[in-house]
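Peer 1: the sequence and its predicted three-dimensional model are supplied below.
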Amino acid sequence: MDINFNKNEDHNKLLASDLKQRLAKIKLGGGEKRIQKHHEKGKMTARERIDYLLDNDSESIEIGAFAGEGMYKEHGGCPSGGVVIKIGYVKGRQCIVVANDATVKAGAWFPITGKKNLRAQEIAIENKLPIIYLVDSAGVYLPMQDEIFPDKEHFGRIFRNNAVMSSMGITQISAVMGSCVAGGAYLPIMSDEALIVDKTGSIFLAGSYLVKAAIGEAIDNETLGGATTHCEISGVTDYKAKDDKDALDRIKNVMAKIGDFEKAGYNRTESKAPAKEENEIFGILPKARHEQYDMQEIIDRLVDNSEFDEYKAGYGQTIITGYARIDGWAVGIVANQRKIVKSKGAKTKPSEMQFGGVIYSDSADKATRFIANCNQKKIPLVFLQDVTGFMVGSKSEHGGIIKDGAKMVNAVSNSVVPKFTIVIGNSYGAGNYAMCGKAYDPRLIAAWPSAELAVMSGASAAKVLLQIETAALKKKGEEITKEKEEELFNKIKSRYDEQISPYYAAARIWTDAVINPLDTRKWISMGIEAANHAPIEKPFNLGVIQV
């Protein structure tokens with residue numbers, strides 16, 4: 001190993017350590033004092049409920065852990081969006097669990113809470129995956145009601161999705177383990193089965209104070225909408241549980257009796273670990289995002305037995321395509337090659353060098369063909385992003401880069417096999433789209449701590465923005481010295497660098513998670529297992545394309 005390997009390794013392991021520390025802080029939710037108060041009420045926290053519900057010693061992945069990070073500071077913040085979501089196993093059945101975190105503003109819904117809940121339902125719908133709701137929420141966060149209440153992707157969409165999932169035969173189970181107020185009261189009742197915890201769970205359209213103000217009736221919350229009321233008088237709920245654990249045990253019993261599901265039939269054999277050491281990823285991945293490296297070396301450390309059948313190896317070399325297995329699942333991999341290569345493509349001179357991370361006409365053409373092949377063979381697609389965008393300049397434009405790029409985007413858009421995206425490094429501009437960014441419906445999309453998501457790099461963007469800002473200042477008659485220009489550049493770059501961080505993206509759910517590179521195989525494997533619940537229902541069709 002050379003000195004650069006060691007430097008890269010130190011840098012990337014520090015990023016992984018930082019990720020671990022950030023996650024530890026987020027897992028405290030509203031903080032230790034609020035957790036203590038929660039326990040004093042005889043209630044488990046959202047994370048404790050999920051941990052108790054999921055099978056012991058089974059794998060799980062968390063969706064949207066960083067949702068809301070750095071947002072809503074004027075409102076005291078909203079750690080993890082005030083809701084915890086995990087894909088895991090209950091009695092051996094894979095499912096998705098959504099648990100309100102009542103230590104964060106009593107589980108009230110911020111705008112990001114709505115977006116995160118809708119993402120969980122999207123995953124359930126796409127994969128026909130059973131979904132379990134552990135409800136403990138004060139409802140919409142009123143100071144921001146205009147950003148969470150009326151629109152298509154706001155609070156009400158949850159209940160629309162409940163109805164749609166019910167019509168699709170997707171299992172939905174709700175446990176009311178705390179407050180379930182106003183519009184939120186429809187969630188458990190639109191589920192297949194609803195449980196309520198005695199004395200701590202309550203469901204009503206309006207609480208006792210509002211009832212008193214609205215119609216003058218004096219009544220306490222327990223009588224109005226507690227467990228006894230809804231299990232013995234209204235018939236709104238199906239089971240009364242004595243405490244949190246009893247409710248969770250009842251859910252386990254229900255899940256244990258669910259029948260088998262129709263499978264999509266994705267190919268799986270016995271899982272094998274990569275033949276090459278996975279930990280070496282930390283030393284291979286460069287510290288600086290502009291540095292070149294061989295993406296094949298990363299692939300070798302992600303796929304079973306480090307076996308990779310490359311497709312069109314000598315053509316369009318700035319994208320690597322090929323077949324492999326990940327945890328036994330057959331996959332088609334589309335990855336950006338990050339080293340400079342000598343092109344042998346038909347549309348470029350044999351001696352021409354191509355820059356790593358850039359999509360050229362020949363590589364876009366190759367990727368389009370490969371994506372079509374995977375759809376033909378019913379093989380899930382894995383995109384490994386480290387892309388700076390499409391090649392620009394007269395030679396590329398005359399060669400039809402827009403046409404070839406459009407074909408690739410078309411293929412990604414119309415793909416019917418499940419897609420999974422891992423943002424390893426750069427994810428810039430139209431390259432993000434062509435390599436199956438969030439807008440192109442990957443079943444799961446995760447980023448490594450080394451990722452950057454933006455229209456362009458921080459340095460490039462800062463140079464453009466600097467020109468605009470200095471021009472504006474000069475128009476006002478201000479003199480721009482070299483020192484002033486440098487100060488402006490650093491200020492702009494600092495602001496932009498914050499926005500291209502993988503944590504900035506994860507906070508807004510542009511990605512589902514920031515993950516340790518060593519968890520990549522688990523994410524893809526569990527994602528394909530989830531996708532196997534949903535047979536493909538339509539043929540692959542590219543539509544109209546320029547040839």
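Peer 2: Nice, I can see it.
Peer 1: and the residue lying closest to A531 once chain neighbours are set aside, how far from I515?
Peer 2: Closest residue to A531 apart from its sequence neighbours, by Cβ to Cβ, 6 or more residues apart in numbering: P418 at 3.7 Å. Bear in mind the C-beta positions are built from the backbone N, C-alpha and C, glycine included. From P418 across to I515, the span is 18 Å (Cβ to Cβ, to the nearest Å).
Peer 1: how far away is the residue nearest to A531 from N532?
Peer 2: Distance, P418 to N532, by Cβ to Cβ: 9 Å.
Peer 1: higher neighbour count, the two?
Peer 2: Between P418 and N532, counting by other Cβ atoms under 10 Å, P418 is the more crowded of the two (25 against 21).
Peer 1: give the contact list for the more buried one.
Peer 2: Shown in contact with P418 (Cβ atoms under 8 Å, 6 or more residues apart in numbering): 126-127, 266, 380-381, 443, 527-528, 531.
Peer 1: which of those residues fall in strands?
Peer 2: L381 (DSSP state E).
Peer 1: which ones among the contacts of P418 lie within helices?
Peer 2: Among the contacts of P418, the residues falling in helices (DSSP state H) are 126-127, 527-528, 531.
Peer 1: okay, helices next: where are they in the stretch 1-150 of the chain?
Peer 2: Along the stretch 1-150 of the chain, counting by DSSP state H, counting those that start in this stretch, helices occupy 3-26, 32-40, 46-53, 111-127.
Peer 1: now do the first one: distance to the chain's middle.
Peer 2: Mean-position distance between helix 3-26 and its chain equals 21 Å (Cα atoms, centre = their mean, to the nearest Å).
Peer 1: buried sites along it?
Peer 2: Buried residues in helix 3-26, counting neighbours by 16 or more other Cβ atoms under 10 Å, are found at 8-9, 11-12, 15-16, 19, 22-23, 26.
Peer 1: please produce a markdown table containing those, extended by pLDDT and distance to D309.
Peer 2: As requested, those are exported to a markdown table (pLDDT from 0 to 100; distance: Cβ to Cβ, whole Å):
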| residue | pLDDT | distance to D309 |
| --- | --- | --- |
| N8 | 97 | 28 |
| E9 | 97 | 29 |
| H11 | 97 | 32 |
| N12 | 98 | 28 |
| L15 | 98 | 31 |
| A16 | 98 | 30 |
| L19 | 98 | 32 |
| R22 | 97 | 38 |
| L23 | 98 | 36 |
| I26 | 96 | 40 |
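Peer 1: A324: which of the residues you listed is nearest?
Peer 2: Ranked by distance to A324 (Cβ to Cβ), those are led by N12 at 22.7 Å.
Peer 1: is I333 in a bridge, and if so with what?
Peer 2: Per DSSP bridges, the residues bridged to I333 are G322, V382.
Peer 1: got the contact list for it?
Peer 2: I333 touches 299, 303, 308, 320-324, 381-384, counting by Cβ under 8 Å, 6+ apart.
Peer 1: kindly recompute the last result at 7 Å.
Peer 2: Applying Cβ atoms under 7 Å, 6 or more residues apart in numbering to I333 gives the contacts 299, 321-322, 324, 382, 384.
Peer 1: could you measure from it over to M435?
Peer 2: For I333, the distance to M435 equals 12 Å [Cβ to Cβ].
Peer 1: ditto for Y52
Peer 2: Counting by Cβ to Cβ, the separation of Y52 from M435 is 39 Å.
Peer 1: neighbour count for the two, which is higher?
Peer 2: When neighbours are counted by other Cβ under 10 Å, Y52 and M435 differ, and M435 comes out ahead with 27 against 14.
Peer 1: can you pull the phi/psi pair for I445?
Peer 2: phi -140, psi 120 (degrees, to the nearest 10).
Peer 1: and if you look at D198?
Peer 2: Note on D198: its backbone torsions stand at phi -60, psi 140 [degrees, to the nearest 10].
Peer 1: just checking, it touches Y239?
Peer 2: No - D198 is not in contact with Y239 according to Cβ atoms under 7 Å; the separation is 10.5 Å.
Peer 1: about what we covered before: as TSV, the contacts of P418 with distance to V104, pLDDT and neighbour count would be great.
Peer 2: Shown next, in TSV, are those (distance: Cβ to Cβ, whole Å; pLDDT from 0 to 100; neighbours: other Cβ atoms under 10 Å):
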residue	distance to V104	pLDDT	neighbour count
E126	27	97	17
N127	27	98	24
Y266	37	98	18
P380	35	98	24
L381	36	98	24
R443	28	98	22
G527	27	98	27
I528	32	98	27
A531	31	98	26
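Peer 1: adding distance to L118, write the contacts of P418 out as a markdown table.
Peer 2: Shown next, in a markdown table, are the contacts of P418 (distance: Cβ to Cβ, whole Å):
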| residue | distance to L118 |
| --- | --- |
| E126 | 12 |
| N127 | 15 |
| Y266 | 26 |
| P380 | 24 |
| L381 | 24 |
| R443 | 15 |
| G527 | 18 |
| I528 | 23 |
| A531 | 19 |
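Peer 1: and of the contacts of P418, the nearest to K463?
Peer 2: Comparing the contacts of P418 against K463 with Cβ to Cβ places L381 closest, at 35.1 Å.
Peer 1: tell me the contacts of that closest one?
Peer 2: 332, 334, 371, 374, 415, 417, 419.
Peer 1: for I371, see how far away the last one is.
Peer 2: It stands for K419. Separation of K419 from I371 (Cβ to Cβ) stands at 9 Å.
Peer 1: who has more neighbours, the two?
Peer 2: Set side by side, K419 and I371 show more neighbours around I371, with 27 against 24, by other Cβ under 10 Å.
Peer 1: show me where the stretch 301-450 of the chain has strands.
Peer 2: Secondary structure of the stretch 301-450 of the chain (DSSP state E, counting those that start in this stretch): strands located at 309-310, 319-326, 329-336, 341-342, 353-354, 358-359, 381-387, 389-390, 419-428, 444-447.
Peer 1: surely G405 touches A434?
Peer 2: Yes - with contact taken as Cβ under 7 Å, G405 and A434 are classed as touching, separated by 6.2 Å.
Peer 1: between these two, who's got more neighbours?
Peer 2: Comparing G405 with A434 by other Cβ under 10 Å, the one with more neighbours is A434, at 31 against 26.
Peer 1: how close does that one get to G216?
Peer 2: From A434 across to G216, the span is 62 Å (Cβ to Cβ).
Peer 1: follow-up on the earlier one: which of the contacts of I333 lies closest to G88?
Peer 2: Proximity of the contacts of I333 to G88 (Cβ to Cβ) peaks at V382, which lies at 21.4 Å.
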